[in-house]
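> Sequence first, predicted coordinates after that:
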Amino acid sequence: MRTGEPLPSVGDVLAALATGMWHWSTATGLVTVDAEAARLLGLPAQPAILTEAQTRARLHPVDWNEITGVVRLAVAEGTLAEVRIRIMDGDGSILRVVRSRSKPSFDPERHAYELIGTLQEVTEPTPGTAAARSAVTGDWRRSREAFLLDAGRALAEARSTAEVLRVAGGLSMPGFSPDGLVVFGVEGDRLTIIGQHGHQPGAMNPFSNMPLTTDYPAAEVARTGRAVYLSSPDEYRDRYPVTWPLARHFGRSSWAFLPLTVAGRTMGAWMAAFTYPVAFTPDERAVLTTVARMLAQALSRAGAAESERELTEGLQRSMLPSLGPEIPGMRVAARYIPTGGGLQVGGDWYDMIPLPSGRFALVIGDVQGHDVRAAGLMGQLRIALRAYASEGHRPDAVLSRASRFLHGITHTSGDEALADLRFATCLYVEADPVAGLLEIARAGHPDPVIRMADGTVLMRPTAGGLPLGIDPDADYPTTRFALEAGETLMLCTDGLIETGGHDMDSGSRRLRAILEDHEGDLESLADALVQAVHGPSSHHTTGPLADRREDDIALLLLCRPGEGCGCGDTVTPRPKVRRTLLSVAQDEPERIAEARQQLRELLHDWTSADQLDSAVLLVSEMVTNVLVHTDTDALLLAEVVGEGSGRRLRVEVFDTGEDLPHRRRPGELASSGRGLMLIELLADAWGVDPRGEGKSIWFELYEPGEPDHPGAFGGAPAPASAPAP
């Protein structure tokens with residue numbers, strides 16, 4: 001071509017280079033190709049207009065997906081889109097491989113992409129060679145997909161910022177692995193460093209707390225949300241001369257700075273630095289961009305989880321009180337374990353309240369639900385209970401007022417509020433630390449448990465009413481009994497009993513075994529109870545309801561120090577007496593069944609089953625006689641004296657009636673009058689003792705093996721104190 005002659009047309013030049021042109025608009029769904037592009041697509045060598053479906057039929061399906069991804073990436077970064085495409089014939093065989101280079105654009109009004117580019121045939125490299133690994137259709141693509149799957153899985157499993165950074169630092173990208181990584185964050189108008197890998201401690205300090213207006217790639221990425229790729233030191237120096245001296249001494253050859261974007265907001269930048277030159281082809285950029293997106297999502301999840309943990313731990317600290325100063329003559333231990341999933345604070349709580357009388361109150365409860373509303377109601381209810389108790393009200397009055405309070409804040413006139421009614425179970429104990437007297441009012445909560453001085457565990461039935469918040473006028477009767485020296489009272493929410501798929505029965509048996517076998521102090525007992533349901537050994541004691549949802553746990557232990565409780569520095573020998581005390585009022589005949597159950601639990605290790613049945617029968621007969629033949633209440637006291645085999649059981653029933661019992665000779669059809677006859681036949685010893693006000697009737701049974709008694713069921717004569725027939 002001579003100087004001054006006109007240049008050939010673009011079409012002639014492209015035809016001479018065996019390069020075709022194509023135009024694709026997603027708005028119209030049409031692809032326009034010239035004659036050369038049509039030939040490369042396996043069509044007649046003449047200009048044509050194709051639909052997207054016709055064009056897609058000529059391309060390998062994997063490469064079609066590659067095109068759509070590269071186009072979006074090029075539009076986001078404002079660069080060219082380059083991709084290798086396998087052209088397929090009608091039989092599904094690869095006809096040829098072409099390279100497409102285009103400049104795509106995006107029309108936000110029509111939400112459509114448009115690109116004009118070229119197609120040029122290339123030689124497909126042999127699989128397994130270096131060239132093949134760098135091509136989109138070679139081994140490198142498969143390695144990249146496997147890497148992205150592994151990286152996505154590892155980042156998704158990270159639960160904290162430190163874990164995310166550790167995973168990011170260990171990423172080994174196929175074909176091009178960075179040796180230096182830095183995650184930048186943004187605080188206000190400054191760039192911060194969240195974490196880094198591949199640098200000496202303190203080496204990145206000059207880049208920390210850098211203003212976003214600084215001429216530095218990460219600052220620019222954080223400002224604009226657009227990636228920056230620097231393939232050589234010269235390019236870095238030319239584009240960022242101000243900060244190049246800071247980066248020069250690291251000895252890197254290429255850098256990629258990518259935005260960390262979540263929900264359209266750029267939260268920082270990620271730097272990947274390489275010691276060797278990297279061209280940052282579209283495929284390499286696609287990998288880096290995908291990793292940056294996964295890293296941003298992982299950091300966002302980890303930050304949200306850490307904020308939630310900090311919030312819930314703060315809520316827990318503010319809502320659950322400390323136990324305060326030591327109580328003279330008693331020891332207290334408490335635990336709160338949140339549920340394993342979701343919000344780490346729920347509706348369970350405990351409290352210890354000093355009272356104006358010099359006594360103190362222990363409170364444990366559970367608001368229905370495991371959400372923010374349950375936690376909020378729990379805080380309000382705990383404050384209300386503390387206020388009512390501090391005014392000096394008795395246990396029944398405290399719970400009555402608390403029920404009215406909770407009913408008032410949960411029952412409103414709106415239909416929406418009625419769909420979210422809540423109630424709470426609660427157990428309130430007023431304790432006298434000097435005498436060990438406990439007064440208990442219960443609102444739908446599990447009964448307390450007593451661990452006696454010799455290790456025997458009894459569930460202590462107590463009178464109760466409806467859960468708080470259901471009936472504003474509900475009554476809550478009070479149960480009184482004494483905590484003896486060496487005994488421990490356990491109060492807990494149902495989460496401690498039912499965690500691990502247990503119901504109330506199987507869960508109670510599991511806890512009973514822990515209470516009976518433990519020989520440490522009160523704090524170690526609390527730890528042992530929690531470990532039994534949440535510790536490494538808990539999977540050995542799963543219950544029958546494996547799909548039951550886990551619940552919060554609140555636990556309170558109250559001990560009256562003495563021999564056998566383990567509260568001292570050493571474990572002292574257990575005493576030889578265990579006892580239980582139970583009152584049965586005239587209007588509470590149903591508590592006779594509780595008396596029978598109490599006695600069975602007291603004698604859980606008695607060697608003679610026949611004697612156990614006899615004792616239960618006699619207790620039922622004696623308490624019933626008091627309720628039927630007097631107008632007073634009955635008080636049952638049962639004691640087991642001794643240890644090992646050959647123990648002695650003594651049972652006394654007290655009443656304030658003046659008339660002494662006497663033997664009668666009932667006829668065959670009589671329905672009563674056989675009480676003393678049964679006692680005389682079944683007891684080893686028995687008697688009736690007058691008191692200052694009222695009387696007591698008692699009997700004794702001797703466990704087989706004791707040398708000092710005439711033998712069980714030996715027909716022992718009535719003692720002198722027994723009334724004559």
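Done, it's in. Residues are numbered from 1 along each chain as shown.
> contacts, neighbours, all on C-alpha from now
OK.
> isn't V228 right up against A256?
Yes: in this structure V228 lies within contact range of A256 using C-alpha atoms under 8 Å: 6.0 Å.
> Who has more neighbours out of these two?
A256 (23 against 17; other C-alpha atoms under 10 Å).
> in what helix or strand does that one lie?
Under the criterion of DSSP states H and E, A256 resides in strand 254-262.
> So what's the model's average confidence on that strand?
Averaging pLDDT along strand 254-262 yields 91.
> Sheet partners, orientation included, of that strand?
strand 228-230 (antiparallel), strand 265-274 (antiparallel) (DSSP bridges).
> Tell me which of the ones you listed sits most buried.
Ranked by mean neighbour count under mean count of other C-alpha atoms under 10 Å, these are led by strand 265-274, which reaches a mean of 22.
> Can you pull out the residues in contact with that strand?
Residues outside strand 265-274 that contact it (C-alpha atoms under 8 Å, 6 or more residues apart in numbering) are 177-186, 191, 218-219, 221-222, 225, 252-261, 292, 296.
> need the longest helix for the protein.
helix 282-319 (DSSP state H).
> Identify the residues contacting the helix or strand just after that helix?
Later in the chain than helix 282-319, the nearest helix or strand by DSSP H and E is strand 331-337. Residues external to strand 331-337 that are found in contact with it (C-alpha under 8 Å, 6+ apart): 323, 326, 348-350, 522-523, 526, 552-561.
> Skipping adjacent residues, who's closest to M378 in space?
Excluding the flanking residues, the one nearest M378 by C-alpha to C-alpha, 6 or more residues apart in numbering is G347, at 5.4 Å.
> would you list every one of the helices in the stretch 1-150 of the chain?
10-16, 35-40, 52-58, 61-77, 130-134, 139-157 (DSSP state H, counting those that start in this stretch).
> Just give me the lowest mean pLDDT stretch among those.
helix 130-134 (a mean of 37).
> Inside helices: which ones of the contacts of strand 331-337?
L522, E523, A526.
> neighbours around the second one, how many?
Applying other C-alpha under 10 Å, we find 15 other residues in the vicinity of E523.
> What of the last one?
Residue crowding around A526 was assessed by other C-alpha under 10 Å; the count is 19.
> you'd agree it is up against L558?
No: when contacts are counted by C-alpha under 8 Å, A526 is not listed as touching L558 (10.6 Å).
> Name the SS class of the residue nearest to E639 when sequence neighbours are not counted, please.
If the residues on either side of it in the chain are set aside, E639 comes closest to R579, at 4.2 Å by C-alpha to C-alpha, 6+ apart. Put simply, R579 is strand when judged by DSSP: H, G, I helix; E, B strand; the rest coil.
> Can you give me the distance of R579 to A585?
20 Å (C-alpha to C-alpha, to the nearest Å).
> any idea of the mean pLDDT for the longest helix of the chain?
The model assigns helix 282-319 a mean pLDDT of 78.
> which residues does V640 contact?
By C-alpha under 8 Å, 6+ apart, the contact set of V640 is K576, V577, R578, R579, R647, R648, L649, R650.
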